[in-house]
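Q: Predicted model follows, preceded by the sequence.
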Number of protein chains: 2
Amino acid sequence: MEKERETLQAWKERVGQELDRVMAFWLEHSHDREHGGFFTCLGRDGRVYDDLKYVWLQGRQVWMYCRLYRKLERFHRPELLDAAKAGGEFLLRHARVAPPEKKCAFVLTRDGRPVKVQRSIFSECFYTMAMNELWRVTAEARYQSEAVDMMDQIVHWVREDPSGLGRPQLPGAVASESMAVPMMLLCLVEQLGEEDEELAGRYAQLGHWCARRILQHVQRDGQAVLENVSEDGEELSGCLGRHQNPGDGAGSVGKASLHPPPRSTRWRRGDVAPVPVRQLHESDWHGLGGPAVPRGAQSSSHCGEERKRVSGLSRALSPCLGKDPLPASPRVLTRPRAGSWLVPAPPQQPER
Amino acid sequence: MEKERETLQAWKERVGQELDRVMAFWLEHSHDREHGGFFTCLGRDGRVYDDLKYVWLQGRQVWMYCRLYRKLERFHRPELLDAAKAGGEFLLRHARVAPPEKKCAFVLTRDGRPVKVQRSIFSECFYTMAMNELWRVTAEARYQSEAVDMMDQIVHWVREDPSGLGRPQLPGAVASESMAVPMMLLCLVEQLGEEDEELAGRYAQLGHWCARRILQHVQRDGQAVLENVSEDGEELSGCLGRHQNPGDGAGSVGKASLHPPPRSTRWRRGDVAPVPVRQLHESDWHGLGGPAVPRGAQSSSHCGEERKRVSGLSRALSPCLGKDPLPASPRVLTRPRAGSWLVPAPPQQPER
């Protein structure tokens, strides 16, 4: 037991050192001090081999800097905050192709002119993540307003009318559902809802919808997560149906299977309570070593069927993940852990 | 010398056998006898794992069947002709997304409903190749009319106004030239101009334009063929500029460097004559073992500079191609060879 603890401690330190090393590299090489934003096509020596700015990568870097600044004392440095703000301002000035329309470019020139537009929601999702985190570290309302407005637009595209994305509706296109869409939307629901009761309430039903949609992608008795399924959750034929994305699959299925059920769910004797949304932020999703549930919390009733399937999936994945497949019932932690599903928890206390 | 001849003869037989084996597989497994056209997503056992029909692959298969039917006696069989005609009729009925507009789908369902449209010219190019070959084997004028009309549309998109392709013109998009476009257009020029003086004349200037454009992609003193260059033929920075497509590069540069110069070219003493278009069809482009020029023909003056660069390229490629880099001056053949640059010459006499 003592030996295992030492091994884990050594790995924890190693991961912390890697994070420091990675951050030092990006801090040194990726900042565009002239236009704001970040270079992301970097050689191993830090040389910029392309100065194009992919909007989703700009959004991720702003988000990451803010999150580290906000959560970890050693990254609570003006250098990170300034770079994140400069990146956020670059996005505000340039990400939208034709304001006031909300559609964002997929990639911009170094000085912010649009190069390509993708007919999907993902640039806009990372834009929203960035703006919400910027609001959390700066308390400037314009960032949050931008995040919420963009979120509403994304929800409209996904659930009401996708025509604004610009993809023609063709009669031969199979009606299919990609896992990436509810996966990203669930990230946004949890990002915007963090310690924000109003927004958590506003997006609660959307979160349940995302979780249900994601779990539809667990197929073949839990042995496979398929990227595309039919609208009613059945496996599709052909290349579309065979597509798998293991990394996204494992992460989002774990996430969805722990998402709290709607309030209308009736609890019966023997049922177990859902995991509070806040706890979701304190668990390590990408680890997939089992859902992290605080002592006293128990699994939710609506997840029973899916959990069985997820458990099968976990068995299928376990050769890749080591000898610790997802347990049939959630592990109980003695105390909440730092970090979130996007940033594995480094070995420091959170700042807040 | 005798030993080399034997080795070559053995390879020639091997290649012929492979062609027979490949054709037997496709004849057995790929025909859609219900709707016409071809299944192209086949497992090693011939099983159809997806019945989507990619328009460019339908066009290639129609073209290939017709070309084999027309050129090689052992493939002059009703089975090939009927399948090619059924594929051609499928394309005529379904390839265009919104007739009378000429834009074709990228992929169709088995029964011909459009699934996706690509904002490029390539579906339309293979459609044209197919229609022209169908006309050559059937003598039905409607196929040729379809080929010529589509060719005019493609030329309009490439040289006058690309807006009909549906790609938005964005202010940050770098003005760049891809090699694929003049490469495909040059194929069409030669396809349509084969033994057709009127069309060969109509597209002569276009052919020269394509050849010049292709040769602009030979960069770095002939050591690299780059897929994208600037409008004035300079290397581009970033990922766009680094893109290489060795197969297309080798084939199309060889092709372009032998394309005859415009009639207005003045010949000086010591200059060598251009290769007649007809001879181009009788050379083996993909072999790249050196341009095949009939006895008496000599290289054209406009190719001098490019040939030097191509020669450097050939040296760079020679480790992949064997020990026979492109010679500095064209080889002289004692008799024309069968086949074309798209179909390596099998060891049979052509039918015509």
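A: Noted; the coordinates are in hand.
Q: nearest residue to A:Val137 other than its sequence neighbours?
A: Ranked by C-beta to C-beta, 6 or more residues apart in numbering or on different chains and with sequence neighbours excluded, the top spatial neighbour of A:Val137 is A:Cys66, at 4.7 Å. No exception for glycine: its C-beta is placed from N, CA and C like everyone else's.
Q: Just to be sure, that neighbour is in a helix?
A: Yes: assessed with DSSP: H, G, I helix; E, B strand; the rest coil, A:Cys66 lies in a helix.
Q: surely it meets A:Arg136?
A: Yes: between A:Cys66 and A:Arg136 there is a contact under C-beta atoms under 8 Å: 6.6 Å.
Q: So which of these two has more stuff around it?
A: For A:Cys66 versus A:Arg136, the count of surrounding residues by other C-beta atoms under 10 Å in any protein chain shown is larger for A:Cys66: 29 against 20.
Q: show me what contacts the more buried one?
A: A:80-81, A:84, A:130, A:133-134, A:136-137 (C-beta atoms under 8 Å, 6 or more residues apart in numbering or on different chains).
Q: let's go with 6 Å and repeat that
A: A:Cys66 is in contact with A:84, A:133-134, A:137, counting by C-beta atoms under 6 Å, 6 or more residues apart in numbering or on different chains.
Q: Around chain B, which positions in chain A sit nearby?
A: On the criterion C-beta under 6 Å from any C-beta of the partner chain, chain B has as its neighbours in chain A the residues A:50, A:109, A:113-115, A:170-173, A:238-239.
Q: Past the top helix by length along chain A, which element shows up next along the chain?
A: Among the elements of type helix in chain A, defined by DSSP state H, the one spanning the most residues is helix A:2-29. Using DSSP states H and E, the helix or strand that directly follows helix A:2-29 along the chain is strand A:41-42.
Q: Name every strand pairing with that following strand and say which way it goes.
A: strand A:48-50 (antiparallel) (DSSP bridges).
Q: Next one, pLDDT for A:Leu333 please.
A: A:Leu333 carries a pLDDT value of 28.
Q: Show me the one in the contacts of A:Cys66 that has more neighbours than the rest.
A: When neighbours are counted as other C-beta under 10 Å, the busiest of the contacts of A:Cys66 turns out to be A:Leu134, with 28 neighbours.
Q: before we move on, back to that, export the contacts of A:Cys66 to TSV and append columns for distance to B:His243 and secondary structure.
A: Compiled in TSV, these are given as follows (distance: C-beta to C-beta, whole Å; DSSP: H, G, I helix; E, B strand; the rest coil):
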residue	distance to B:His243	secondary structure
A:Ala84	32	helix
A:Glu133	35	helix
A:Leu134	35	helix
A:Val137	39	helix
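Q: Let me know the secondary structure of the residue in the stretch 151-300 of chain A positioned nearest to chain B.
A: With distances taken as C-beta to the nearest C-beta, the stretch 151-300 of chain A approaches chain B most closely at A:Gly172, which sits 3.0 Å away. Classification of A:Gly172 using three-state DSSP returns coil.
Q: check contacts around it.
A: If you count contacts by C-beta under 6 Å, 6+ apart, A:Gly172 has them with B:109, B:113-115.
Q: Any idea how far apart the tips of stretch A:234-247 sit?
A: Counting by C-alpha to C-alpha, to the nearest Å, the length from the leading to the trailing residue of stretch A:234-247 is 21 Å.
Q: So for stretch A:1-20, what gets flagged as buried?
A: Neighbour-count burial for stretch A:1-20 flags A:16, A:19 (criterion: 16 or more other C-beta atoms under 10 Å in any protein chain shown).
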